[in-house]
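Trainee: sharing a model that was predicted from the sequence below.
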Amino acid sequence: MSITNYGKNDGLMGTSTWGLVGATTSSTDSSGVTTTQNSLFISHDGRGTDRPGITQFNTGAQSVSELHQFDQLPSNTVTAVTADLYGIHIATDVGPLVHWIRSTGDFNAGVNVFGMQDWPVYSMRSDGNYLIAVGENGATVIQAGTNGGQIIGRYSAIESTGGSVVSNSFVTLSTTDGLRMWNLNTGDEVPPITMRRADPLSVGFELQFQDITEFTHPGMQVSIVDPSNPVTLSTDGTQGPHGIPIQTSALTFSSPVDGAATWAKLVELKYNATVNLSNDPTFITSLQYAVDNGVLLNGTRIVTLSLKSPSNGSMWVKLTYDWFRTETPVQGLSLWDRPDDGGQTLMANWTLVHDDDFARYAVYLNEGPWATQPTAADLQPRAPDATVSLHSRLQTEISTINGQPLQDGTEYWAVVVVEYNDGRFGTPSSPFGPASPSDEVPTPPKWATATSGSTVVSADGEVFAEWARCEALDLSTTNVYASTTEITDALGLDVHTEFIPQIGNASVMTLEAGKPHWLAFTCADEAGQEDLVNATVIGPVVPTGGIDDGVPPPKLADVWAEDVPNDDGGRVQIGWTNSVADDCAFVTVYMMPAQEGENVPTNVVDMEEVAIVPDCETNMTIIDSIGEDSLIDGQPYWIGAVAFDKWLNGDLGDVTVLEVTPFVNNLNGPSEPERISELNAYDHPDDDGTAIDISWAPSQVDDFDYYVIWVSEYPLDDLTETWERAGTEPGICGCIVMDKQWIDTEKSPIELTLNTALYGGNSLATSIPQQIMPNVPLYVAVTVHDVKGNVHLDNLNTATATPIDNLADTTPPDRLSGLNLYDRAGDDGTAVMLEFDLSEDSDVAYYEVYAAAFTFTSVGQSGTVKSPVATLDRSPTLPLTIDILVFDTLVVPNTPVTVAVVPVDWSGNAYRDNLVTSTAIAINDGIEDVGAYLPDIEGVSLEWIDDSILVSWEHTTDPNVRRYVVYISDSEFENVADATNVGDASVSNTFLITPEIFPELSNDSSWWVGVSAKDDVNNRKVIESLRIGPVDSNEGSGDGDDGKDSTTDLGELLTTDNMIIAGMVLISLLLLILVFRGRGRKPARNKEWELQEATWGIEARSGWDDVGSFGGQAPPPVAAPPSIQPAQQNDIYAAAQKYSSQVNLLCHSVGNNKPNLYNNNRKVE
């Protein structure tokens, strides 16, 4: 059996088909010969870069016999048109170019967007040999003529103005910077100094010459022939309309400057002719055409005829015109999708009808084009899809067809007809359209503002925000996103506040007081759609109370700036001493290229804002661009920093401005940022299968510029060709560019919801962006780009997900089989540990864990185990500790425990029978507190905050501790089993217990609270609990001695025994001081101690190594602390992550090479 593939190379319109119909067809040629053949009609759905239409295929000859295109142009928005001897060339806002062939009358598709230098095309010109298509940033030259379509060359020219000339030798473009020229054959650009100007320049017509040098400027016109300079032509030529001879005459340009380029355009050509209308056989037809196209006013057609005599005299005209009255014809004008709505609605408009017996306009829709022109008899049996009874209202909305709602994405056509008072219909209009309804993503507010202070808000931390009303007809909420770092979009952020439309477009928001915030505003519709990329962003705004004093913080001191060392270039850093102003809120850095020959300024008024440091504790930052322009290596820049207070007061006129130059000083050459290694993709919950969720671990590269997120139905492990072809153009790559390196912290995963992917074609190269479709597996990749454009495009880590229509999903995730249940080591036999392989289904919402002291294979309402002992999210932290079984039974030593795990998707589907289980036995190792190896948490304190308890503690230095677990009880406890777990914290050393977290909480009662250390598996069981009394008792943290008098009489302390003890302590302290001051004069600091000093920032105080003045040499100093081993260093850094402000130490040399320390980017000398 042999199989032959047919595609575009064989004449088919496309490669994507959705239907085949066979039929016997016959055709008759011009000689009257009729041919019958078996035809196969192949329908093409226009997927990818294909065009919709039908290919008629001769099955006998196995060749294409005819092509039937539905659409001749890919878009109704035409951007450029030109014509030549061979036909008309048309460019639209989407590709490809379209050519109408004059000789055949057919439309041909030309070069696509991907092959052009720039798109859209705004200007085209053709001389019959070459077609030049010009965009804003360059031009493409294409072969014209019979065998046209081949690209001759591409020419890049920023800000081209549209003027162009192409010849057999050169390509010339006009730009805002002047004229640019290339050699057509080699593609080499001609240096500007070699281009010449025709000066002087003469023009000749029919051997009459004149000097036009002074007219060779854009917009100037030259008169060649006029009544004062007549030209007599020969009688040669061919007969044109009405016998007028038509001939070609040469226009000659002459200049003594050899090789100078010239360009001319014919603006106006007038001629006189005498025509005898009575001898014109087409006169009646032409007159009728004029009448049909006359102005229709109040039911009367107005036609103006002008008759002129070639000479003075009289003229006799007789015009007889017969007519009869009909209804005023109505014409459909436009059918379009209603903007900013929830879909399923179209808009239509038409011309005005003034007939006296007018009743209403009726609009009818048809799915797809009408096969024939509908008549009144065809429409009268149908109910109109929309009606308008006011004759002056010429527009309406249409949301149904034959009583059924319109379907988004379906093309409809319309006709409009006038119904009269007696029920008769006029002549229906010609069908107009098509149009497809769609549910658009709402446009964000056009503007937004936010202010704070006591004059507009009542409390510290409040902000009064106002924004332009959302225009979406299906508006659900106005969403506001808040960030404490500068943002340009809302990607990856969580919604801070939602405002329903009934609230209006102004409200008060509560933010963290005294801290700069950036606010992003979006409009969300009822389907949950919002435009996060183009959110309206404002900021910074500082939520604060009080009155604006109008006084800015003083000028920053000790400002320094230098090139960033050991980098790939394009970056500088600036630092300063922290502002002394109490109300300092943030610091703004300004920058501009240094002006040659001018002194360094003392203000930043004319400079551009390049960065905002969102606090006044950080005292340095790195700059890599000014606006959209990257810094240029070797280019000097002026840079300065200004402190702003909470009311945005800043002194731009008195600033320390320095000159700094970026350099490339990476001896190892440029390096690409590390590839993203942790990447996950899931189905988006509770949707119709048109979105997926992704998350990835942020990149740690220090010269980060942006991420690019890619989604496609084709593998994305190698994007080299795609990057060269598409870059970050959304209309080609379907990708998202995100310039935020991280969202909350540099350790928190970044999460995004995506609704666009690349589909269609035969591969990634031919796919185009479309809305995500259900049940089509998708690949996801994230590339990391640095400020120099370095990026890994191959060997990428990818994730896969299948979008699911959760509204119609009935397929549960597959049963899990990879369960691993084992005894918890080193405990009292009261728990087992569970690990399992996660489900490969992308729509898993959570996992139900079932555990019992007996075997089972079914769970749920129909199973033996009714309820789960734990419910885990789709990305659980494993292993899971199981210490309670079904029916609240505790795990006891030497008893088998059986466990099953059930994955549940977003639609609630799950298999709860025939489950795979795992069984293990808990062993008593004789240890009661499995977390006894973890430290006690010191410095615990309690404080009432209204109706909540603020718990604070000191961070531990134990590297094993990963989290802090908070417990509460209404009685004193030592074991956490006797208290309630209310939450935990990892980085913070505070926790607020609220009535929402612990409903029994009341500030009228006493409570005991404890904090337990936790590592990756266990937490400490035996801890100390502290008491806090009722809020009105003025009792804070206590030790549990309830009811005892805490006051002490001074007389009880001044006893004889106490006085003797105090004297001995005083003498001991004195002797200790004398010993330390009596050390020898020789310094005794060793290298190990120096290392500790450099590592932990211990500074030598004045006189540390001096010999004391009392007594002789002191004994040898104590040994230096042991050096830090690599393994211990890792643990120390792990423990340090728990602090709110991470400590980063790095050295910086200034002036006399004095070493400086930077603590959390704060300079410490």
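Mentor: Arrived safely, thanks for sending. Residues are numbered from 1 along each chain as shown.
Trainee: and the helices in the stretch 251-400 of the chain, which stretches?
Mentor: Ranges of helices in the stretch 251-400 of the chain, per DSSP state H, counting those that start in this stretch, are 283-292, 376-379.
Trainee: show me the shaky parts of the stretch 51-200 of the chain.
Mentor: Scanning the stretch 51-200 of the chain for pLDDT under 70 picks out 51, 193-195.
Trainee: give me that answer again for 80
Mentor: Under the criterion pLDDT under 80, the flagged ranges of the stretch 51-200 of the chain are 51-52, 67-72, 95, 103-106, 146-148, 162, 167-169, 177-178, 192-197.
Trainee: tell me which stretches of it form strands.
Mentor: Assigned by DSSP state E, counting those that start in this stretch, the strands in the stretch 51-200 of the chain fall at 52-58, 63-69, 78-84, 87-92, 98-101, 107-109, 123-126, 130-135, 138-143, 151-156, 160-166, 170-175, 178-183, 189-190.
Trainee: same question, the stretch 501-650 of the chain
Mentor: 506-510, 517-525, 536-541, 557-563, 572-577, 584-593, 608-613, 620-623, 625-626, 629-630, 637-645.
Trainee: out of the helices of the stretch 251-400 of the chain, which is the most enclosed?
Mentor: Mean neighbours per residue, mean count of other Cβ atoms under 10 Å, is largest over the helices of the stretch 251-400 of the chain for helix 376-379, with a mean of 14. In short, each C-beta sits where N, CA and C put it, glycine included.
Trainee: residues in contact with that helix?
Mentor: Residues from elsewhere that reach helix 376-379 (Cβ atoms under 8 Å, 6 or more residues apart in numbering): 362, 364, 415, 417, 424-428.
Trainee: before we move on, the earlier item: most tightly surrounded among the strands of the stretch 51-200 of the chain?
Mentor: Each of the strands of the stretch 51-200 of the chain was scored by mean neighbour count; the highest is strand 130-135, a mean of 25, by mean count of other Cβ under 10 Å.
Trainee: picking up where we left off before, and Ile152, which of the strands of the stretch 501-650 of the chain is closest to it?
Mentor: Ile152 lies closest, by Cβ to Cβ, to one member of the strands of the stretch 501-650 of the chain: strand 629-630, at 33.1 Å.
Trainee: for stretch 1002-1013, which positions count as buried?
Mentor: 1003, 1007-1013 (16 or more other Cβ atoms under 10 Å).
Trainee: got a markdown table for the strands of the stretch 51-200 of the chain, with distance to Ser1068 too?
Mentor: A markdown table is the format used below for the strands of the stretch 51-200 of the chain (distance: least, Cβ to Cβ, whole Å):
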| stretch | distance to Ser1068 |
| --- | --- |
| strand 52-58 | 98 |
| strand 63-69 | 104 |
| strand 78-84 | 93 |
| strand 87-92 | 95 |
| strand 98-101 | 100 |
| strand 107-109 | 99 |
| strand 123-126 | 96 |
| strand 130-135 | 88 |
| strand 138-143 | 87 |
| strand 151-156 | 85 |
| strand 160-166 | 89 |
| strand 170-175 | 88 |
| strand 178-183 | 90 |
| strand 189-190 | 89 |
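Trainee: contacts only, for Ala801.
Mentor: Here Ala801 is in contact with 681-683, 692-694, 777-778, 780, 842 (Cβ under 8 Å, 6+ apart).
Trainee: if we go to 10 Å?
Mentor: Contact analysis of Ala801 by Cβ atoms under 10 Å, 6 or more residues apart in numbering lists 680-684, 692-694, 711, 754, 772, 777-780, 841-843.
Trainee: buried subset of those residues?
Mentor: Buried members of the contacts of Ala801, scored by 16+ other Cβ under 10 Å, are 680-684, 692-694, 711, 754, 772, 778-780, 841-843.
Trainee: which of those residues fall in helices?
Mentor: Using DSSP state H, no member of the buried ones among the contacts of Ala801 falls within helices.
Trainee: which ones among those residues lie within strands?
Mentor: 680-683, 692-694, 711, 754, 778-780 (DSSP state E).
Trainee: turn the residues you listed into JSON lines, including distance to Thr351.
Mentor: Below are those laid out as JSON lines (distance: Cβ to Cβ, whole Å):
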{"residue": "Asn680", "distance to Thr351": "57"}
{"residue": "Ala681", "distance to Thr351": "53"}
{"residue": "Tyr682", "distance to Thr351": "53"}
{"residue": "Asp683", "distance to Thr351": "50"}
{"residue": "Ile692", "distance to Thr351": "47"}
{"residue": "Asp693", "distance to Thr351": "50"}
{"residue": "Ile694", "distance to Thr351": "51"}
{"residue": "Val711", "distance to Thr351": "46"}
{"residue": "Leu754", "distance to Thr351": "45"}
{"residue": "Leu778", "distance to Thr351": "48"}
{"residue": "Tyr779", "distance to Thr351": "52"}
{"residue": "Val780", "distance to Thr351": "51"}
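Trainee: quick one, domains of this structure?
Mentor: 8-69, 78-194, 332-435, 448-541, 557-660, 679-801, 819-921, 941-1038 (automatic domain parsing).
Trainee: so for Asn229, which of those sits nearest?
Mentor: Using Cβ to Cβ, the nearest of these to Asn229 is domain 78-194, at 27.9 Å.
Trainee: circling back to that earlier point, and which of the buried residues of stretch 1002-1013 is nearest Ser126?
Mentor: Distance ranking of the buried residues of stretch 1002-1013 against Ser126, using Cβ to Cβ, places Ala1013 first at 78.9 Å.
Trainee: element containing that closest one, please.
Mentor: If you go by DSSP states H and E, Ala1013 is part of strand 1007-1014.
Trainee: ok, Tyr967 touching Glu1024?
Mentor: No - judged on Cβ atoms under 10 Å, Tyr967 makes no contact with Glu1024 at a distance of 11.0 Å.
Trainee: between the two, who's got more neighbours?
Mentor: Set Tyr967 next to Glu1024 and count neighbours by other Cβ atoms under 10 Å: Tyr967 wins out with 23 against 16.
Trainee: show me what contacts the closest residue to that one other than its chain neighbours?
Mentor: Nearest residue to Tyr967, sequence neighbours excluded (Cβ to Cβ, 6 or more residues apart in numbering): Ala979, at 3.8 Å. Taking Cβ under 10 Å, 6+ apart, we find Ala979 in contact with 966-973, 1008-1010, 1012, 1023, 1025.
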